[in-house]
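# Any chance you can model this:
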Amino acid sequence: MKAKSRQSPIKESISRLESMLQRFAQALPLGPWFRFGMSDSALRRTAARLRAGTIRPGDPEVSPEQLADILERAIAQRVLLKMTLDDAREFVRLYHSVGEKYETAKTKRYRAAFHRLKKSSEAKDPESRAARRVRRIHRARRNMLGRPRRRRSR
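This next block holds a predicted model:
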């Protein structure tokens, strides 16, 4: 894999990492975590009802505005967490795709070098060092890739 083709995924991964860090910097102070069974829209409706005064908190010392703010902070935390997890998953996918491309390119280079060595004039002599190397590489590739099954003659 050429260095030029690796630059684009590296730049993209750096920009993803920077955006995650910026999101962390903009995060509000931590609030309580609500169970994941409650949806964000249900929490928003509850906060709106608290602000409108249609429902009151169980504790009279807690103001409905404060409780609504706490709910909205919890929603913001969950949204931040979901976005960060999505970015992390995308980063891992990108990382693996770059690794696969690199391994594929490396395999192609090794295969091409093997075929060049095999066709060289030195490899024609069975006693030469190049011929021994060709046999060793061929044996290793055959063992790695497997040998095709023999067909039975009928």
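
# Report all helices and strands that the longest helix seen in the chain contacts.
The longest helix of the chain (DSSP state H) is helix 64-119. If you count contacts as 3 or more Cβ pairs under 8 Å, 6 or more residues apart in numbering; DSSP states H and E, helix 64-119 packs onto helix 3-26, helix 40-52, helix 129-145. To be clear about C-beta, it is placed using only N, CA and C from the backbone, and glycine gets the same treatment.

# give the contact list for the spatially closest residue to Ser97 that is not a sequence neighbour.
Of all residues not flanking Ser97 in the chain, Pro9 sits nearest, at 7.3 Å (Cβ to Cβ, 6 or more residues apart in numbering). Listed by Cβ atoms under 8 Å, 6 or more residues apart in numbering, the contact partners of Pro9 are Leu94, Ser97, Val98.

# Find me the pLDDT at Tyr110, would you?
On pLDDT, Tyr110 comes in at 88.

# Could you tell me how far it is located from Pro64?
Using Cβ to Cβ, to the nearest Å, we find Tyr110 at a distance of 69 Å from Pro64.

# More neighbours: the two, which one.
Neighbour count, other Cβ atoms under 10 Å: between Tyr110 and Pro64, Pro64 has more, with 17 against 12.
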